[in-house]
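# quick one, structure for this:
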Amino acid sequence: MPRLTTETFGGGDQSWLGSTHGIANARTEVLDISAFTAGTHYPNGYIPSGTPVAKVGGVLVPYDKTEATTTAAGVLAGFILTDQRVVGTADFAVPLLDHGRVRASKVPNSFVAPVAAEKRAATTIVYV
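Numbers count the residues shown, from 1 in each chain. Okay, here's the model as predicted:
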């Protein structure tokens, strides 16, 4: 008997997007799943659309929103464009939105748009 699994796919909550600009040009990056915590970053088994991330050592990690942190995880690389199901412990590719318009108030995990230029240097995001 073959091993069958059932998966449900959905669009997720993309109300954080301020426009459609940039979504067709999301780039593919590798997410370091070991840097994310199941209970904090993906309590429902998936990393939600709009999760802010930083790029450290060539892979995406959780973004450190502390305003004084302007190196490594404190530099915003962008936002994960779509919900990403977490299966196992292997790193995996995700779509990253690094330019466009974002509604900061709708981004998951109490995101606050960065003020320091160093924190937004890797993106071209307009916060609306």
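
# contact partners for the closest residue to Gly50 other than its chain neighbours?
Excluding the flanking residues, the one nearest Gly50 by Cβ to Cβ, 6 or more residues apart in numbering is Trp16, at 3.9 Å. The C-beta positions use only the backbone N, C-alpha and C, and glycine is treated the same way. Residues in contact with Trp16 (Cβ atoms under 8 Å, 6 or more residues apart in numbering) are Ser49, Gly50, Phe79, Val102, Arg103, Lys106, Val107, Pro108.

# quick check: phi and psi at Trp16.
phi -70, psi -20 (degrees, to the nearest 10).

# and what of the one 4 residues further on?
The phi and psi torsions at Thr20 (degrees, to the nearest 10) take the values phi -90, psi -10.

# which outside residues touch stretch 20-32?
Under Cβ under 8 Å, 6+ apart, the answer for stretch 20-32 is 17, 47, 53, 55-61, 77, 80-81, 84, 91-101.

# go again using 7 Å as the cut-off
17, 55, 59-61, 81, 91-101 (Cβ atoms under 7 Å, 6 or more residues apart in numbering).

# show me what counts as buried in that stretch.
Gly22, Ala26, Glu29, Leu31, Asp32 (16 or more other Cβ atoms under 10 Å).

# give me the subset of those that lies in strands.
Glu29, Leu31 (DSSP state E).

# drop anything exposed from the contacts of Trp16.
Ser49, Gly50, Phe79, Val102, Arg103, Val107, Pro108.

# quick one: which of these is nearest Glu67?
Val107 (15.7 Å; Cβ to Cβ).

# this protein: strands as residue ranges?
Going by DSSP E, the chain shows strands at 27-31, 46-47, 52-56, 59-62, 76-80, 84-85, 92-97, 99-102, 124-127.

# for Leu4, which of those is the nearest?
Per Cβ to Cβ, nearest to Leu4 of the strands of the chain: strand 84-85, 17.0 Å.
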